[in-house]
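>>> next comes the sequence, and after it the predicted model I'd like to discuss.
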Amino acid sequence: MLDVRDEFGGLAERAWLNCAHQGPLPDRAVTAAQQALEEKRSPWRIADDSFAAVPSRLKAAIGHLIGANPDDVVLANSASYGLELLSRTLPLAEGDEILLVDGDFPATIYPWLPLRERGIRVRFLPGDEALTPERLADELGPATRVLCASWVFSFTGRAVDITALGEVCRRHEMTFVVNGSQAVGARALDVAAAGIDALVSSGFKWTCGPYATGFTWLSPRVRDSLTYRPAYWLTHQLAAADGLERAPRYELAELPGASAYDVFCSANFINFRAWTASIELLLEHGIERVAAHDQALVARLVDGLGDGPLRLLSPPVEPERSTLVFVTHPEPSANERLHASLREAGVEVALRAGRLRLSPHLYNTADDIDRALAVLRAP
Ligand SMILES: Cc1ncc(COP(=O)(O)O)c(C=O)c1O
């Protein structure tokens, strides 16, 4: 098991089992944000080269995390940023079809809905069964162009096999957009090997970044197919090596990879320096070890529920089991009381759609799980 609790001083004595909502900032990220604030208090301390260095270091960290070329990483403020980008700029035409999963998190759904105004069909796959490659293959029609789905579903805790789904999409020459918000940082990933086309993720959950962080990864094939490329002045000026002091030449530079799509002000000093520190912490321990630690805690929780009064609603075993564990009292109205009792015992979990959701991560310990079980198993 990992032993990184000391890096998360803000948690104090509480058992934070709600990473699916917000990952806590590690102390080193707080220090990084404080340094950025101090520089802004005395602005002559903001180095010119930090406008390029801050996004570049963050992209390198994200690239390591998902096995990607950093140039293919788009910096964002959310998962929604990338979904919006793709829904607006993928080459889609009237009559094309997009497949989504009923019950998926709203961020995965909303950006596609306005496409109906352009005569593009948005169809929902039933979310009550697992999304397997066989089921997907059965659903594809000649007009299906895109599948957009979560890697781990926020309201069921079920993980899908993105590699197998990606294979079906590739055979059908369609684009597979994955929302990894509830998985990136808790599961190992190599985007190229997974054979997906685009990945979006929030940064404030399993990578423990500040709120309003996120990224998108675009495969070169998808990037080159997009129908619009923004031109942000600072990206172009830095790429043209004009620096900030020379008179601007208003010329579009050759930009590497997907950097044209970065969120504006991509040197978002306070948020991005903190987030970089958080991701570097994960990388230091190794994402495979983090994933193994998280699964050991989940296994302890699932086993500990055993023959107790609560029912497990999320998948009991890997690979469908994720780090989001859903449980309910046989009498669902009792879940609210249990939620309050857990909080009283210093254990923080989520109450979602009347069910309890527990989501441990690298800073949690076996003791945190046992504290939760002590309340959940009480008569
Ligand atoms: C699957 C999923 N996607 C996205 C989000 C958040 O989206 P955004 O980063 O756009 O706020 C959440 C949770 O808040 C989520 O569970």
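Received, thanks.
>>> where in the chain is pLDDT low?
Within the chain, the set of residues satisfying pLDDT under 70 comprises 241-244, 379.
>>> ok, and what's touching the longest helix seen in it?
Assignment by DSSP state H gives helix 287-305 as the longest helix of the chain. The list of residues contacting helix 287-305 from outside it, by CB atoms under 8 Å, 6 or more residues apart in numbering, reads 1-2, 65, 185-189, 282, 312, 316, 318, 321-323, 325, 327, 358, 360-362, 364-366, 368-370, 372-373, 376-377. C-betas here are computed from N, CA, C, even on glycine.
>>> list the buried ones in that helix?
Buried positions in helix 287-305, judged by neighbour count with 16 or more other CB atoms under 10 Å: 287, 290-291, 293-295, 297-298, 300-302, 304-305.
>>> spatially nearest residue to the residue of the stretch 251-379 of the chain found nearest the ligand (excluding sequence neighbours)?
With distances taken as CB to the nearest ligand atom, the stretch 251-379 of the chain approaches the ligand most closely at residue 324, which sits 8.9 Å away. By the measure of CB to CB, 6 or more residues apart in numbering, the closest residue to residue 324 outside its immediate chain neighbours is residue 157, 3.6 Å from it.
>>> right, and that neighbour touches residue 326 too?
Yes: the pair residue 157 and residue 326 qualifies as a contact (CB atoms under 8 Å) at a distance of 5.2 Å.
>>> compare these two (neighbour count), which wins?
Just comparing residue 157 and residue 326: by other CB atoms under 10 Å the higher neighbour count belongs to residue 157, 26 against 21.
>>> any idea how far the ligand is from the more buried one?
Between residue 157 and the ligand the distance, using CB to the nearest ligand atom, to the nearest Å, works out to 11 Å.
>>> so who does residue 281 touch?
For residue 281, the set of contacting residues under the criterion of CB under 8 Å, 6+ apart consists of 4, 7, 26, 28, 29, 208.
>>> give the contact list for the fifth one.
Counting by CB under 8 Å, 6+ apart, residue 29 makes contact with 208, 209, 210, 274, 275, 277, 278, 281.
>>> cool, the first one as well?
Each residue near residue 4 by CB under 8 Å, 6+ apart is listed here: 26, 281, 285, 362, 363.
>>> kindly report the same for the fourth one.
Applying CB under 8 Å, 6+ apart, one finds that residue 28 lies in contact with 7, 277, 278, 280, 281.
>>> same thing but 6 Å
residue 277 (CB atoms under 6 Å, 6 or more residues apart in numbering).
>>> and it, how far from the ligand?
Applying CB to the nearest ligand atom to residue 28 and the ligand gives a distance of 23 Å.
>>> residue 211: neighbour count?
Residue 211, neighbours per other CB under 10 Å, totals 15.
>>> quick revisit: now the two most distant members of the contacts of residue 281.
In those, two members sit farther apart than any others by CB to CB. They are 4 and 29, at 12.8 Å.
>>> and the stretch 151-300 of the chain, which of its residues are near the ligand?
The interface of the stretch 151-300 of the chain toward the ligand, taken as CB under 6 Å from any ligand atom, is made up of 154, 179, 181, 182, 202, 214.
>>> can you flag which of those belong to strands?
Assigned to strands by DSSP state E, the following of those qualify: 179, 202, 214.
>>> what is the nearest of those to the ligand?
Lowest distance from the ligand to those (CB to the nearest ligand atom) belongs to residue 202, with 3.4 Å.
>>> ok, now which ones touch that closest one?
79, 181, 214.
>>> likewise residue 104?
Contacts for residue 104 were tallied using CB under 6 Å, 6+ apart; they are residue 150.
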